[in-house]
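Student: Model the structure of this input:
(one chain, ligands or ions: 1)
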Amino acid sequence: MIELQPARDRAPHALELVPAAGPLRTPLAGNVLACLQFGADATASGDVRVMPVRLQVHSSGGSAIHNDLWLSRLPVRMGITDGIRHADNGEILFGWMHLPDEQLGDVEDAACTMHRRLLELLQKKGFPHWLRAWNYLSRINEGQGDAERYRRFTAGRYRALADAFASSPQFERMLPAATGIGASAGAGLTIGFFAGRAPGIQVENPRQTSAFEYPRVYGPRSPSFSRATLQHWHGRSMLFVSGTASIVGHATLHPGDAAAQFEETLRNLDVLVGHAARQHFPHPQGGFFRPRGFKLYVRDPRWLEAIEPRWRDALAAKAHTIVLIGDLCRNDLVVEVEAVYELVEAA
Ligand code: 3EB
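Tutor: Numbering: from 1, shown residues only. Here you go, the predicted model:
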């Protein structure tokens, strides 16, 4: 039984993450703004708020379906514009789009077109500030060198952004937090996003080269995302943390070693969140970030044994954690973690 009411003892806020296992009861409650539905057989429903992501959910004895529900206190409106399914509550816009493999054609062109439409929608709907993106691409590591599908995706995304922001060269200071993961074979390309009326605050990781400044060896264009974005909504602030991996500077550390990559990833998360706290609170007693949810992506289920006790202790003991099996966008990476934190101000 899924409790669809956000906690009542908090200040009004625009958005809350509620994880829910198993198939959803339909129709979905009116206070659902978005639902990212993960599962090997996830398919679109008639409800525009449900974004299906075809990835295997790893859970010991649990359900093969996981939903990240984003609940709103404000009334939710829904629509379909230019093929993009979307819902908003006046403060936040959620949207998603999908191209099946048969229609994908050239991945760079497809990514460019989809991002153009996405950016147009944000303008049209009056939510010009892009805060969070989820990118799931089938066969993400297929193709050699610059022909790799992920690199083609990155080039297309960059082209759309560079064109749209040709008159504001600072656009890389306003990129959303993002995840880029390989969906199951045949799943095509799915892009989901949140956007707001007000800009988010970019947070970068002092331990990592900014992705938008990666050198040429990782592809013809650098990946357009921020390590995290901080967004204030009345009475609440949320930190969206991008897919974080075992990358220090711009190099992959511990290629192929799941246990060591996981530890490096935890260090990256710690440093990033600590940095966000210092950026936000001039002195350390000002407050802290409390984790609200983690997603652990693992390339192959056989790596899980090596990290099982560690992820339970370091992630699941602190916030709801869901483990998904998917390819990562550098072929030497085997684990990646994304997260949502909420800002807790000291009393
Ligand atoms: C990295 O740090 C790992 O291209 O949207 C993480 C999150 C990664 C998002 C993206 C890529 C993306 O470079 C890869």
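Student: OK, contacts around the residue lying closest to Ala187 once chain neighbours are set aside?
Tutor: With sequence-adjacent residues excluded and distances taken as Cβ to Cβ, 6 or more residues apart in numbering, Ala187 is closest to Arg54, at 4.0 Å. (C-beta placed from N, C-alpha, C; glycine too.) Taking Cβ atoms under 8 Å, 6 or more residues apart in numbering, we find Arg54 in contact with Gly39, Ala40, Asp41, Ala42, Tyr136, Ala183, Ser184, Gly186, Ala187.
Student: Same check on Gly62?
Tutor: By Cβ under 8 Å, 6+ apart, the neighbours of Gly62 are Ala21.
Student: ok but it is inside a helix, no?
Tutor: No: counting by DSSP: H, G, I helix; E, B strand; the rest coil, Gly62 is not part of a helix but coil.
Student: Just read off the phi/psi values of Leu104.
Tutor: Torsion angles at Leu104 (phi, psi; degrees, to the nearest 10) stand at phi -70, psi -40.
Student: try Pro215
Tutor: According to degrees, to the nearest 10, Pro215 has phi -70, psi 170.
Student: Same check on Asp313?
Tutor: According to degrees, to the nearest 10, Asp313 has phi -80, psi -40.
Student: Tell me how far it lies from Arg173.
Tutor: Distance of Asp313 to Arg173, computed by Cβ to Cβ, to the nearest Å: 36 Å.
Student: go on, Thr26?
Tutor: 41 Å.
Student: Have a look at the two and say which one is more surrounded.
Tutor: Arg173 (14 against 10; other Cβ atoms under 10 Å).
Student: Just give the closest residue to the more buried one, not the sequence neighbours.
Tutor: Gln202 (5.7 Å).
Student: Tell me which other helices or strands the strand or helix carrying the one you found touches.
Tutor: In this structure, Gln202 sits in strand 201-203 according to DSSP states H and E. Packing partners of strand 201-203 (3 or more Cβ pairs under 8 Å, 6 or more residues apart in numbering; DSSP states H and E): strand 228-233, helix 258-280.
Student: which one of the ones you listed has the most crowded surroundings?
Tutor: When these are scored by mean count of other Cβ atoms under 10 Å, the highest mean neighbour count falls to strand 228-233 (a mean of 23).
Student: Just to be sure, Met238 is in a strand?
Tutor: Yes: residue state for Met238 (three-state DSSP) corresponds to a strand.
Student: Give me the buried positions along stretch 84-99.
Tutor: Buried residues in stretch 84-99, counted by 16 or more other Cβ atoms under 10 Å: 84-89, 91-99.
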